[in-house]
Each structure stands twice: as structure tokens, then as C-alpha cells.
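Novice: Test case, fold it:
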Amino acid sequence: MRTKVTDLLIKYANFALRKQNCEEIQEQIYSRYAQIGEYFSLSMQGLKVRLLTPRQARLIVTGSPNDAIVNPETYINLHNLQLDPDEKIIFPGFYEIDPSGNVATFSCGRSDITGAILARSFNAELYENFIDVDAIFSANPVIVSNPDPISKITYREMPGAMIVPETNFKAQHTITGIAGGKNVSALYLHKYLLNKGAGFNLKILQILDHHNVAYEYIPSGIDDITIIFKKEDLNTKLIDQIYNEVQLSLNPDQIQWIADYAITMVVGEGMRDKLTLCASILYPLGQKDISIQMINQGAFQISIIIGTKRQDAEEVIRTIYQTFFN
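Specialist: Predicted coordinates:
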């Protein structure tokens, strides 16, 4: 597999920062773009082309340098750009500018997000994003052999494929897609009638905010609450601090840190109002002796989150896929 252009550029930057010879990597980058141009015969079309940078266009973001969010002012700046209708614009993705003029990037999907911002700002009828895979699949092809590609999907299900409005959308399957994450941990709390205690959840959120820690999900019940985290956001010292502060502040009847954890998300507009859906998902998992640690259904009834032990994560995805797609 060929190295992605983004990785080549990162490699080039590292070479330059270490003051190493960059000629070879420069040639690789130039060659890659030359091949693209040759393939599409771009040099023969005589197009009027202009490079427009995020700094020139005032594509402004806020937040941390590597985890930025778009500033609403950006859409006004881009909408007010004076563009020649006869010219083609080349707009570099991956990086943006903060209010002070410093370079910043989004945490993920960087060039993809830049394209989406431009499409919204210019009221584009269609935004096409060409990536290095043939489609968004209904399950991870590493786990499920030859999973069905998703041709259309709504915003509420998962960005990817052809994103369409919910209005008049007809689901092809009960379930549109299945995704899982094994790189998660959870903090489990049990306290009798905790739902009656005012400010219980607020105290938890204040502790997390104090340590600048984000959470993925907080499914809860009458006596129980589970806070699910990405493991990459935590370290041993931080886990101990959060654990101790929650215990002192909330005095739960039971508190447990669960390191051996995984979550599976099942989504689909076709899931709405399917009365036996949960049974259809959980029964085949029970047949395979997979222990369900947590289950939570969204209010719109188009998503279900299932918590299991990490060792069962891939088998959960395979089992659900076989149940609904085969």
C-alpha cells in the first residue's frame, strides 16, 4: 500500500525540523501530485486556477491546537469571499488558523472537515469526498468478511456514504451499521435510589471538568451509573484521582473501575418502533455465552449501545451482523 500524501507531508516536516536532507521526500510528494495531474489530464485543460489558503480565507477555529473546532465567524468569512466564477479554487485542508493567526488542526478527519465547511459556506448542492476505501461498510471488514456497503445513510446514523435528510428516507435494513471500540474503560457506581439524589450527576461532571477529561457515554438507571471513557484520555495517576474524588464526594455504595471493557454501537433508521429488536440482538449473544455488561437505547430509537468484556468485542459484531444481514 502506498504511503498517504498526508503521511508524506508529516515526514517532510519532521525531516525539515531536524534539518535533514529533504530532497528525496520532496520528490516523492511532487511525483504523487504529478501522477494525479497526469491521470486526469489536468495540465492540458488550460484552467484558471488559484490557491486560496485558510489564512487568506479567514477559516478560523478555536480550542486547542490539535483539537480545534470551527468558529461560527468562519462561515461568514467564507460566504463573503469574492470569487471569480471562471476560476477554480485549490483550498488546502488539514490545517486552519486560530484567532491569533496560529496554525491549528481538527482532532480527526481534518481535510474531510475542511471540505465540509467549504461546502456549507458556499451552499454546495453536493459535497463529494474521495477516500482510500470503496465505501462505508455496515461492519468492520477486518472483523466481518465482506460486509455490506452502506449506499445511503442519515446524519443521525453515522456520517459517511451518501448522507441524506431523514425526510422520506426508507431504510434498506433494520440495522444500517455496527461499530465497536475496545479502547475504552468505565467507572461504575451503585447507590441506592441515586436518581432521587439532586446533583449526583452534576458532581461527577464537575470532577471530570476539573481534570479536563471528556467522557464517551453515561448510561444510568435507578441505582446505577456508568461513565465510559476513551483509554487514551487517561493514565494511571488520573484514574486514581478521579476514582478517589468521586468516592469522597458522592460516597457510593459500590464503586468499580472496569479496565476490561468494550462497547458496540448498533445504528439504523429501520430500528425505530421494532418492538422485538433488543431481544433479536441479545438472544444470539446469550447463545454464545457473551456477558452483557450494559445496554442503552437512545431516545430516537435508532441506536443501541452494548457494553461487554473486551475479549468478546469482535464476536459481538460478527454475531449481530450475521443475525441481521445474513
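Novice: residues contacting Val49?
Specialist: By C-beta atoms under 8 Å, 6 or more residues apart in numbering, the residues touching Val49 are Glu87, Lys88, Ile89, Ile90. The way it works is simple: take the backbone N, C-alpha and C, and place the C-beta from them, glycine included.
Novice: hang on, Glu27 is in a helix, isn't it?
Specialist: Yes - Glu27: assigned to a helix according to DSSP: H, G, I helix; E, B strand; the rest coil.
Novice: quick revisit: of the contacts of Val49 - the most surrounded one?
Specialist: Counting neighbours by other C-beta atoms under 10 Å, Ile89 comes out on top of the contacts of Val49 with 14 neighbours.
Novice: Retrieve the pLDDT associated with that residue.
Specialist: We have a pLDDT of 89 for Ile89.
Novice: still on that earlier bit, just the contacts of Val49: which are in strands?
Specialist: Glu87, Lys88, Ile89, Ile90 (DSSP state E).
Novice: can you redo these as CSV with distance to Leu285?
Specialist: Below are the ones in strands among the contacts of Val49 laid out as CSV (distance: C-beta to C-beta, whole Å):
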residue, distance to Leu285
Glu87, 56
Lys88, 52
Ile89, 50
Ile90, 49
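Novice: can you list the weak-confidence ranges in the stretch 51-200 of the chain?
Specialist: 108-109, 131-135, 153-172, 195-197 (pLDDT under 70).
Novice: quick one, helices of it?
Specialist: 54-57, 73-79, 110-121, 200-210 (DSSP state H, counting those that start in this stretch).
Novice: Domain ranges for the chain, per the record?
Specialist: Following automatic domain parsing, the chain resolves into domains at 5-121, 143-326.
Novice: out of those domains, nearest to Phe130?
Specialist: domain 5-121 (10.0 Å; C-beta to C-beta).
Novice: gap between the two ends of the closest one?
Specialist: 26 Å (C-alpha to C-alpha, to the nearest Å).
Novice: Make 5 the first number, not 1, from now on.
Specialist: With the count now opening at 5, the last piece we talked about shows up as domain 9-125.
Novice: thinking again about what came up before, how about the contacts of Val53, which pair is most distant?
Specialist: The widest separation within the contacts of Val53 (C-beta to C-beta) is 10.0 Å, between Glu91 and Ile94.
Novice: what sits in contact with each of the two?
Specialist: Val53, Arg54.
Novice: hang on, the earlier thing: with mean neighbour count and distance to Gly225 as added columns, please give the helices of the stretch 55-204 of the chain in CSV.
Specialist: Output for these, formatted as CSV (neighbours: other C-beta atoms under 10 Å; distance: least, C-beta to C-beta, whole Å):
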stretch, mean neighbour count, distance to Gly225
helix 58-61, 17, 46
helix 77-83, 16, 41
helix 114-125, 18, 36
helix 204-214, 15, 12
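Novice: Select, out of the ones you listed, the one closest to Phe328.
Specialist: The nearest among the helices of the stretch 55-204 of the chain, by C-beta to C-beta, is helix 114-125 at 28.1 Å.
Novice: Output the contacting helices and strands for that closest one.
Specialist: helix 77-83 (3 or more C-beta pairs under 8 Å, 6 or more residues apart in numbering; DSSP states H and E).
Novice: same for the helix it packs on, what does it pack against?
Specialist: Going by 3+ C-beta pairs under 8 Å, 6+ apart, helix 77-83 lies up against helix 114-125.
Novice: can you list the residues that contact the helix it packs on?
Specialist: Residues contacting helix 114-125 (C-beta under 8 Å, 6+ apart): 10, 58, 63, 74, 78-79, 82-83, 95-100, 110, 128, 131, 133, 135.
Novice: Among the residues you listed, name the buried ones.
Specialist: Pro58, Leu63, Val74, Thr78, Tyr79, Leu82, Phe95, Gly97, Phe98, Tyr99, Glu100, Phe110 (16 or more other C-beta atoms under 10 Å).
Novice: isn't Asp277 right up against Gln305?
Specialist: Yes - in this structure, Asp277 is within contact of Gln305 by C-beta atoms under 8 Å, at 6.7 Å.
Novice: what about the two, which has more around it?
Specialist: Gln305 (14 against 7).
Novice: What ranges does the stretch 155-304 of the chain have for its strands?
Specialist: 156-158, 166-168, 181-194, 228-234, 258-271, 296-301 (DSSP state E, counting those that start in this stretch).
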